[in-house]
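In: Let me see the structure of the following:
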Amino acid sequence: MITFAEYNARLCDKDLQEFFQYLLLAREESPQDETVKNTIAELQGITINGKLDGRTIIDLREQNEIAANLAEQGKIEESLNAIQQILEIYPEHYSAFYTLGVISFGLGNHNEAMERFKEAFEFNPFFVDAVLRIYDCSVCLGNRDEVSVFLDKALTLQPTDPELLETKKHLENGTYPERLAKYLDGGRKIENEPEKSENMEKVNLKQNLMKLREMIESGNSEDALEKIREMV
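Out: Numbering: from 1, shown residues only. I've put the predicted structure just below:
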């Protein structure tokens, strides 16, 4: 297993291809190792493509981990603030959108979560977890029609990935993984509604404000005006 210190040191070097091959071998030996899997996704989707330098990737990864931990603790506003800081540095950071999706999914807004996971996949199609969560959302929404598009694209890039192949089998058989059991078949997870509703409003407001700012900064005044009308 690769340690964070080794990951840090190697990313700061330029010889990333060799490191990438090492990680591929490590994943074959330990396919469920989350550290290896996520590092591979970062190298494929960001570093090797030359979008960011290694040091910046490490800093953003640490910030996103903080945001994810805050969300798990129920500190939604603080988590969203941390994510906004990430997106100000790199507006296409797939993990930040993934964390936004996790927040929305946890609050029961599966439509919103679906959109965020799609964005995470769009910005890094090597990120397997985004596809898994797109599938989760589709199951909870009762509509699996468009999942195959994302799954097929992901399998084109990683045809032997065990989690993608398992998801494909679920899609073909109309089944779902155990992690979704608490949301389905009468076991749908219901949080205490007042707190859930309040948190959901904060999430939606924050995300709408972020989109509005992007429209204004890009000079898209007509869409920005329409977005304001929707918000009020």
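
In: which stretches of the protein aren't confidently modelled?
Out: Low-confidence segments of the chain (pLDDT under 70): 1-22, 40, 42-55, 185-232.

In: quick one, helices of it?
Out: For the chain, applying DSSP state H gives helices covering 4-11, 16-29, 34-42, 54-72, 76-89, 94-106, 110-123, 128-141, 147-157, 162-173, 193-217, 221-231.

In: Report how many residues lie close to residue 132.
Out: By the criterion of other Cβ atoms under 10 Å, residue 132 has 18 neighbours. C-beta here means a position set from N, CA and C on the backbone, and glycine is covered the same way.

In: which residues touch it?
Out: 163, 167 (Cβ atoms under 8 Å, 6 or more residues apart in numbering).

In: How about the one 3 residues further on?
Out: Contact analysis of residue 135 by Cβ under 8 Å, 6+ apart lists 144, 147, 151, 167, 170-171.

In: now with 6 Å?
Out: Residue 135 sits next to 147, 167 when contact means Cβ atoms under 6 Å, 6 or more residues apart in numbering.

In: how close does it sit to residue 37?
Out: Residue 135 sits 17 Å away from residue 37, taking Cβ to Cβ, to the nearest Å as the criterion.

In: cool, residue 124 as well?
Out: As judged by Cβ to Cβ, residue 124 and residue 37 stand 13 Å apart.

In: Who has more neighbours out of those two?
Out: Between residue 124 and residue 37, residue 124 has the larger neighbour count (other Cβ under 10 Å), namely 23 against 19.

In: doesn't residue 94 make contact with that one?
Out: Yes: with contacts counted by Cβ atoms under 6 Å, residue 124 reaches residue 94, the gap being 3.8 Å.

In: domains of this protein?
Out: As given by automatic domain parsing, the domain ranges for the chain are 4-190, 192-232.

In: export stretch 70-86 as CSV, just CAs?
Out: Taking Å, rounded to 0.1, in the frame of the first residue of the first chain, the C-alpha atoms of stretch 70-86 are listed here in CSV:
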residue,chain,number,x,y,z
LEU,A,70,-17.2,18.4,7.9
ALA,A,71,-20.2,17.1,5.8
GLU,A,72,-20.0,13.8,7.7
GLN,A,73,-20.2,15.7,11.0
GLY,A,74,-23.3,17.5,9.8
LYS,A,75,-21.5,20.8,9.4
ILE,A,76,-23.0,21.5,5.9
GLU,A,77,-22.3,25.2,5.7
GLU,A,78,-18.7,24.8,6.7
SER,A,79,-18.3,22.0,4.2
LEU,A,80,-19.8,24.1,1.4
ASN,A,81,-17.5,27.0,2.2
ALA,A,82,-14.5,24.7,2.0
ILE,A,83,-15.7,23.3,-1.3
GLN,A,84,-16.1,26.8,-2.7
GLN,A,85,-12.5,27.6,-1.8
ILE,A,86,-11.4,24.5,-3.8
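
In: Just the buried residues of it, please?
Out: Judged by neighbour count (16 or more other Cβ atoms under 10 Å), stretch 70-86 contains these buried residues: 70-71, 76, 79-80, 82-84, 86.

In: Could you single out the nearest of these to residue 32?
Out: Distance ranking of those against residue 32, using Cβ to Cβ, places residue 71 first at 22.9 Å.

In: which residues touch that closest one?
Out: 79, 103.

In: Between all of the buried residues of stretch 70-86, which two are at the greatest distance?
Out: Farthest-apart pair in the buried residues of stretch 70-86 is 76 and 86; separation 15.7 Å (Cβ to Cβ).

In: Excluding chain neighbours, what is closest to residue 106?
Out: Leaving aside its sequence neighbours, residue 106 sits nearest to residue 71 (Cβ to Cβ, 6 or more residues apart in numbering; 7.2 Å).
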